[in-house]
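Asker: give me coordinates for this.
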Amino acid sequence: MIQINIDCEGPITQNDNAFELCEALIPNGGEFFARVSKYDDYLADVEKKEGYKAGDTLKLILPFLKAFGATDKLVEEFSQRTLSLLSDADLMLKRLVTLGPTFIISTSYRPYLKALSNVTGFPMEQIYCTDVNLDEHKADPYEVERLKAIASEITAMPLLFWTEKKAGGGERLTDEAKQVLDKLNVIFWEEIPAMEIGKAYARVNPVGGAEKARAVLDSMKKTELAFDHIVYAGDSITDVQAMKLVKQGGGVAISFNGNSYALEEANFALLGESPFAIAAIAKLITLKGKEGLSRPLERKNPIGGEGFIAWLKEHGVKDDYIEPLLAHHKTIQLFKIDGTPEQNLIQRSQRMRKIVRGLRVGGLG
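Answerer: Okay, here's the model as predicted:
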């Protein structure tokens, strides 16, 4: 038996719910969110700020959502209305639960995951996500006006940029980027925490980074399965620690159309338009084990298109897992990753990510 843990936004849905909420409620909200998200990447991956984790973007934006009129009911109705499943994602979930215990581990707000559960029938008790209660957070009129002004200030800032890591060195910031970083630090760690609405920071704990890794461990306690029975599928910086945990424990960590962060911690990269390929791979693992997935890729890496379909059939995967792939099989590529992923793979994966999720969402961390 295997256990499958899977992220939501990316492997299951096209959405970035937090991005879309900002875009709907805040003037130029997409640009606002992109800047806060890039700041989140910097704090989590570069500065490694103490007490901060990837995905805490969802905490940082809460005061702004509240200032622009977000309520629990509004977020729930918006999430239900805008939910967008990837092609065959519903069928994928239905197949995964027949292969073993399956858990969704998502950074997204609980109302969004409730919408997913309502549409797919996937049980909420097998979903880990970010609890939020907007109605319990208060902001006085001055704070509301100040937060609206700050949102405009952030939107007008350049996107935070730093050079990539180099052997023996680290990231570097331009003078302009240092100024942006200083301003954002004052906003998020001095000004907003001094507000009444700033108490939201202490009450909300997004399920990203280390929290996703803890969710994996908690799910394993429920199933009493060891790491060599665990499959994790994710696509972004919020999945890094969970993927690293599973990979180092001897399990299978799959990047599905992942960005560079996810690819660096995956031992397999899956590219394609349909996430049903995740179910097909999970089925193969139940038949042949991790070695049955890994060994053929040592001879030919990657396996894709018609070759991927033929490979599945050769290893005993039946037509009920093959037929749903046929509409999108030409886009499928499966790579084994040993060490640092090659730049060509990163570019191809990020390109597919943008094709599947759209240019703006696909470009987020």
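Asker: residue 88 and residue 324 touch, don't they?
Answerer: Yes. Contact criterion Cβ atoms under 8 Å: residue 88 and residue 324 qualify, at 5.4 Å. Heads up, the C-betas are built off the backbone N, CA and C, glycines and all.
Asker: who touches both of those two?
Answerer: Residues touching both residue 88 and residue 324 (Cβ atoms under 8 Å, 6 or more residues apart in numbering) are 274, 276.
Asker: residue 122 versus residue 105, what's the distance?
Answerer: As judged by Cβ to Cβ, to the nearest Å, residue 105 and residue 122 stand 12 Å apart.
Asker: swap in residue 231?
Answerer: Distance of residue 231 to residue 122, given as Cβ to Cβ: 17 Å.
Asker: more neighbours, the two?
Answerer: residue 231 (26 against 22; other Cβ atoms under 10 Å).
Asker: if the more buried one is in a bridge, with which residues?
Answerer: residue 4, residue 252 (DSSP bridges).
Asker: which pLDDT value does the model give it?
Answerer: With respect to pLDDT, residue 231 scores 98.
Asker: likewise residue 344?
Answerer: pLDDT at residue 344 comes out at 95.
Asker: verify the stated contact: residue 55 with residue 207.
Answerer: Yes. Because the distance of 7.0 Å satisfies Cβ under 8 Å, residue 55 is recorded as touching residue 207.
Asker: shared neighbours of the two, which are they?
Answerer: What both residue 55 and residue 207 touch, as defined by Cβ under 8 Å, 6+ apart, is the set 107, 130.
Asker: and the next element down the chain from the host helix or strand of residue 233?
Answerer: Assigned by DSSP states H and E, residue 233 falls within strand 230-234. Following strand 230-234 in sequence order, the next helix or strand is helix 240-248 (DSSP H and E).
Asker: pull out the buried positions in that next one.
Answerer: Neighbour counts over helix 240-248 (16 or more other Cβ atoms under 10 Å) mark 240, 241, 242, 243, 244, 245, 246, 247 as buried.
Asker: again with stretch 124-132
Answerer: So for stretch 124-132, counting by 16+ other Cβ under 10 Å, buried means 126, 127, 128, 129, 130, 132.
Asker: stretch 152-159 too?
Answerer: Buried-residue list, stretch 152-159, by 16+ other Cβ under 10 Å: 154, 155, 157.
Asker: who's in contact with it?
Answerer: With Cβ under 8 Å, 6+ apart, stretch 152-159 has contacts from 27-28, 31-32, 34-36, 38, 176-177, 180, 183-184, 187.
Asker: dump those into TSV; add secondary structure as well.
Answerer: TSV is the format used below for the contacts of stretch 152-159 (DSSP: H, G, I helix; E, B strand; the rest coil):
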residue	secondary structure
27	coil
28	coil
31	helix
32	helix
34	helix
35	helix
36	helix
38	helix
176	helix
177	helix
180	helix
183	helix
184	helix
187	helix
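Asker: put the alpha carbons of the lengthiest helix in the chain into CSV.
Answerer: For the chain, the helix that runs over the most residues, judged by DSSP state H, is helix 276-299. Presented in CSV, the C-alpha positions along helix 276-299 are these (Å, rounded to 0.1, in the frame of the first residue of the first chain):
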residue,chain,number,x,y,z
PHE,A,276,-4.1,12.3,-14.1
ALA,A,277,-0.5,11.2,-14.9
ILE,A,278,0.1,11.4,-11.2
ALA,A,279,-2.5,8.7,-10.6
ALA,A,280,-0.9,6.6,-13.4
ILE,A,281,2.5,6.9,-11.7
ALA,A,282,1.0,6.1,-8.3
LYS,A,283,-0.6,3.0,-9.8
LEU,A,284,2.8,1.9,-11.3
ILE,A,285,4.4,2.3,-7.8
THR,A,286,1.8,0.0,-6.3
LEU,A,287,2.6,-2.6,-9.0
LYS,A,288,6.4,-2.3,-9.2
GLY,A,289,7.5,-0.2,-6.2
LYS,A,290,9.7,2.9,-6.3
GLU,A,291,12.4,0.9,-8.2
GLY,A,292,9.9,0.1,-10.9
LEU,A,293,9.5,3.9,-11.4
SER,A,294,13.2,4.7,-11.1
ARG,A,295,15.1,2.0,-12.9
PRO,A,296,13.7,2.6,-16.5
LEU,A,297,14.6,6.3,-16.2
GLU,A,298,18.2,5.3,-15.6
ARG,A,299,18.2,4.0,-19.1
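Asker: for the very next helix or strand once past that helix, name the packing helices and strands.
Answerer: Moving toward the C-terminus from helix 276-299, the next helix or strand (DSSP H and E) is strand 303-304. Secondary-structure packing of strand 303-304 (3 or more Cβ pairs under 8 Å, 6 or more residues apart in numbering; DSSP states H and E): strand 333-336.
Asker: neighbouring contacts of the strand it packs on?
Answerer: Contacts for strand 333-336 (Cβ under 8 Å, 6+ apart): 267-272, 277, 281, 294, 297-298, 301-305, 308, 345, 348.
Asker: who does it pair up with?
Answerer: Checking strand 333-336 against DSSP bridges gives partners strand 268-271 (antiparallel), strand 303-304 (antiparallel).
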